[in-house]
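>>> Make a model of this:
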Amino acid sequence: MKIISQAPTRIGLIGGGTDVDPFASQYGGEVISLAISLYHRVTLVPREDRNIFIENLGEVRQLSLDKPFPGYGEDKKFDLVYAILNNFKKHLPTGFNLYDRFEGNHSAGLGSSGAAAVAIIGAFNQWLALNLTKKEIALLAWEMETKELKWISGKQDQLAAVFGGVNLMTFGKNNNFSVKGINLNAQVKLELNRWLVLCFTGGSRHSSEMQKQLKKGMSEKNKIKALLDLKSATAEFHRFLLQKKWLKLGGILNKSWQNKKRSNPAATNNRLDSLYDLARQQGALGGKVMGAGGEGHMFFFCPPEKQKQLISALEAEGVQIINFNLDEVGLQVTKIEHENNFHPVLIREKFTPKKNWAVFLDRDGVINKETHLLYQLKDFEFIPGSIQAIKLLNMADIPVIVYHNASVVARGLCDEDQVQKLHRYMLEKLGEKSAYIDALFYCPHHPTAFNPDYISQCSWRKPDSGMIVRASEMFNLDLNKSYVVGDNGRDILMGKKENVFTILVKTGHAGKDPLYPGHPDETCQDLLAAVKFILKHK
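Below is the predicted model:
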């Protein structure tokens, strides 16, 4: 079983900051927020033991249900995850694997921590059958940040993540809040999307630190006045949005940006002010820095016919344009009870093993030069000596079987046809030198795939050993007599699981993957040296 949970991030169009206490409790806050198609996606896979494996934005932690989790502040990048785990710990029947991915390249200002918390809580809610409503999930996600971790945050990020769409949100005393969807027809939504230009200015920061500056100013009359003006502008923005008065919306946004800077001067800096002025010169009517500000994302409200010149000017300043669509669903959680993973296997015509053992070769970094996420023919290049090495195995009648993880498919970089096209190219080039691969196995799956058809904690994906086990079944091979040659700790761990003799080569990754350290039986300079070792010791 696996559970897939995804939650959108957001663009806070207007009113941001008024949802933060103590202003929200004293004066009431109002925000119009737009959920967008940059998602936090979480995959939760229950285990049969008490161990916990967490991959969070590219970093890995391993825990146990039988030991205390790290204290808050000891491992800051995982604080939010630990807070959520502590909340659910008493309900957990077993350990689990948890994978958290963000689909954007950068997250500052998009409400990503709120979206991440919502997605993680949504996954546990499904697994543990807690029946939390969307509002309850949003409130719990907010409490994890504000009450458990003492971060300063409003609630709009979590609410946008659970509900999606375009919403008018109001905030009051005692954590009271409401979310009212703004009813726009499909054409108006499309037009709104067309007027918005989202970009990443660079840098990163923790929004809580920026919100501290905002909170400090909530006792100063001029800053309270700015927040009150922000709040009152929300109703005007709402009215003109329903009336499709785009030029007036731009003017409101421009004025609101000035009020945001008055309410919290730390929200901007010289670079952001310069980019805003540049955007205005190129036709933008308004806009603002996203979230708490300081660094990260900005959006501009610009007539579609002027956006080409705007984008060119921004890119010339090193700004990255971010494409997005409106998200109208919010939190989505799917439970998959059974998986039917299909794996195509390429077998050389008339291949019949002449030995009851084989040499298993990783592809990237062993046969061809390591190129991160290889999927294009132009990037394929043989490592010197690798063709000769395969030919030596052929001459000795030793089966040559290639395996590799093809996560490029799961990541959405290409489809399986492109992977197989690359395989055919490799085999043709080998054949021109009278070198042959007898069988080729690959796994296109990944536990946090961007392509939902390929999300799987698949037993074929190394360091699991499904590929070589299936090869042994198909060709009646004795794995205890066989060899695995790889450049990565994943290869070594895969071989060790089946008691295969493992050889690490110093090409490619050369065993330097920090997530999967391996201890090979032998280390060789490259594939040719490894084959000579095998022929000498077989």
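>>> Could you find the closest non-adjacent residue to residue 296?
residue 108 (2.9 Å; CB to CB, 6 or more residues apart in numbering). Just so you know, the C-beta spots here come from the backbone N, C-alpha and C atoms, and that holds for glycine as well.
>>> brain fart, residue 3
With CB to CB, 6+ apart as the criterion, residue 3 has its nearest non-adjacent residue at 4.4 Å, and that residue is residue 44.
>>> how much space between residue 166 and residue 115?
16 Å (CB to CB, to the nearest Å).
>>> cool, residue 224 as well?
Relative to residue 115, and taking CB to CB, residue 224 is found at 30 Å.
>>> Residue 317: neighbouring residues, count only.
Residues lying near residue 317 (other CB atoms under 10 Å) number 14.
>>> Which residue, other than its chain neighbours, is closest to it?
residue 275 (6.4 Å).
>>> next one: residue 73
residue 79 (7.0 Å).
>>> Could you identify the helix or strand that succeeds the strand or helix carrying that neighbour?
Following DSSP states H and E, one finds residue 79 within helix 79-88. Once the chain leaves helix 79-88, the next helix or strand it forms, by DSSP H and E, is strand 96-102.
>>> The helix or strand just after that following strand packs against which elements?
Downstream of strand 96-102, the first helix or strand assigned by DSSP H and E is helix 112-127. Contact here means 3 or more CB pairs under 8 Å, 6 or more residues apart in numbering; DSSP states H and E; on that basis helix 112-127 packs against strand 2-14, strand 29-46, helix 79-88, strand 96-102, helix 134-143, helix 156-163, strand 332-336.
>>> So which of those is the most surrounded?
helix 156-163 (a mean of 30; mean count of other CB atoms under 10 Å).
>>> follow-up on the earlier one: avg pLDDT for the helix holding residue 79?
In this model, helix 79-88 has a mean pLDDT of 95.
>>> just to revisit the earlier point, neighbour-wise, which of residue 224 and residue 115 wins?
residue 115 (31 against 16).
>>> quick one: contacts for that one?
7-10, 39-40, 157-158, 160-161 (CB atoms under 8 Å, 6 or more residues apart in numbering).
>>> Could you do residue 278 as well?
313-314, 317.
>>> Throw these into TSV and include pLDDT, distance to residue 510 and secondary structure, thanks.
Shown next, in TSV, are the contacts of residue 278 (pLDDT from 0 to 100; distance: CB to CB, whole Å; DSSP: H, G, I helix; E, B strand; the rest coil):
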residue	pLDDT	distance to residue 510	secondary structure
313	95	44	helix
314	94	40	helix
317	92	39	coil
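>>> Among the residues you listed, which one sits closest to residue 470?
residue 314 (50.5 Å; CB to CB).
>>> what's the burial count for that closest one?
Using other CB under 10 Å: residue 314 sits among 22 other residues.
>>> My read is that it contacts residue 321, right?
Yes: in this structure, residue 314 is within contact of residue 321 by CB atoms under 8 Å, at 6.9 Å.
>>> so how far is residue 312 from the residue nearest to residue 317?
14 Å.
>>> Return the set of buried residues in the longest helix anywhere in the chain.
The residue-count maximum for a helix in the chain (DSSP state H) belongs to helix 221-242. Across helix 221-242, burial judged by 16 or more other CB atoms under 10 Å covers 223-224, 226-231, 233-234, 236-238, 240-241.
>>> any idea how far whichever helix or strand comes after that helix is from the chain center?
Downstream of helix 221-242, the next assigned helix or strand under DSSP H and E is helix 246-263. Centre-to-centre, helix 246-263 and its host chain are 32 Å apart (CA atoms, centre = their mean, to the nearest Å).
>>> What of stretch 266-280?
On CA atoms, centre = their mean, the centre of stretch 266-280 falls 29 Å from that of its chain.
>>> now swap in stretch 374-385 and tell me
The answer for stretch 374-385 is 27 Å, by CA atoms, centre = their mean.
>>> buried sites along that stretch?
Under 16+ other CB under 10 Å, the buried positions of stretch 374-385 are 374-375, 380, 382-383, 385.
>>> ok, those vs residue 103, which is closest?
Once CB to CB is applied, the member of the buried residues of stretch 374-385 that ends up nearest residue 103 is residue 375, at 18.5 Å.
>>> need the contact list for the closest one.
So residue 375 contacts 408, 413-414, 418-419, 422 (CB under 8 Å, 6+ apart).
>>> let's go with 10 Å and repeat that
406-409, 411, 413-415, 418-419, 421-422 (CB atoms under 10 Å, 6 or more residues apart in numbering).
>>> Where is pLDDT lowest across those residues?
For the contacts of residue 375, the pLDDT minimum is residue 411, 83.
>>> I'd say that one and residue 373 touch.
Yes: using CB atoms under 10 Å, residue 411 makes contact with residue 373 at a distance of 6.9 Å.
>>> Of those two, which one has the most company?
Set side by side, residue 411 and residue 373 show more neighbours around residue 411, with 18 against 13, by other CB under 10 Å.
>>> For the buried residues of stretch 374-385, work out which two are farthest apart.
375 and 385 (24.3 Å).
>>> List buried residues within the contacts of residue 375.
Looks like those have 406-409, 411, 413-414, 418-419, 422 buried, using 16+ other CB under 10 Å.
>>> any low-confidence regions in the stretch 151-300 of the chain?
Along the stretch 151-300 of the chain, the parts satisfying pLDDT under 70 run over 203-219, 292-293.
>>> Where do the strands of the stretch 301-450 of the chain begin and end?
If DSSP state E, counting those that start in this stretch is used as the criterion, the strands of the stretch 301-450 of the chain fall at 320-322, 332-336, 345-347, 359-362, 400-405, 439-443.
>>> mind checking which of those strands is nearest residue 529?
Closest among the strands of the stretch 301-450 of the chain, using CB to CB: strand 359-362, at 13.4 Å.
>>> so how far is that closest one off the chain centroid?
On CA atoms, centre = their mean, the centre of strand 359-362 falls 30 Å from the chain's centre.
>>> Please name every helix or strand in contact with that strand.
helix 386-395, strand 400-405, strand 439-443, helix 466-475, strand 483-486, helix 489-497, strand 501-505, helix 527-537 (3 or more CB pairs under 10 Å, 6 or more residues apart in numbering; DSSP states H and E).
>>> Burial-wise, tell me which of those comes out on top.
strand 483-486 comes out most buried of the helices and strands packed on strand 359-362 by mean count of other CB under 10 Å, with a mean of 28.
>>> neighbouring strands for that strand, and are they parallel or not?
Paired neighbours of strand 483-486 in the sheet (DSSP bridges): strand 359-362 (parallel), strand 501-505 (parallel).
>>> Serialize these to JSON lines and add fields for mean pLDDT and distance to residue 121.
Formatted as JSON lines, the strands paired with strand 483-486 follow (pLDDT from 0 to 100; distance: least, CB to CB, whole Å):
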{"stretch": "strand 359-362", "mean pLDDT": "98", "distance to residue 121": "38"}
{"stretch": "strand 501-505", "mean pLDDT": "97", "distance to residue 121": "41"}
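>>> Redo the ones you listed as CSV? Include distance to residue 98.
Putting the strands paired with strand 483-486 into CSV (distance: least, CB to CB, whole Å) gives the following:
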stretch, distance to residue 98
strand 359-362, 27
strand 501-505, 29
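>>> so which of those gets nearest residue 294?
Comparing these by CB to CB, strand 359-362 comes nearest, at 44.1 Å.
>>> Out of the strands of the stretch 301-450 of the chain, the one nearest residue 488 is which?
Taking those one by one with CB to CB, strand 359-362 is closest: 6.9 Å.
>>> List the buried residues for that closest one?
359-362.
>>> Nearest to residue 481, out of those: which one, please.
residue 359 (10.6 Å).
>>> Touching, that closest one and residue 486? I think so.
No: between residue 359 and residue 486 there is no contact under CB under 10 Å: 11.4 Å.
>>> Can you check which residues contact both of these two?
By CB under 10 Å, 6+ apart, the residues touching both residue 359 and residue 486 are 503, 530.
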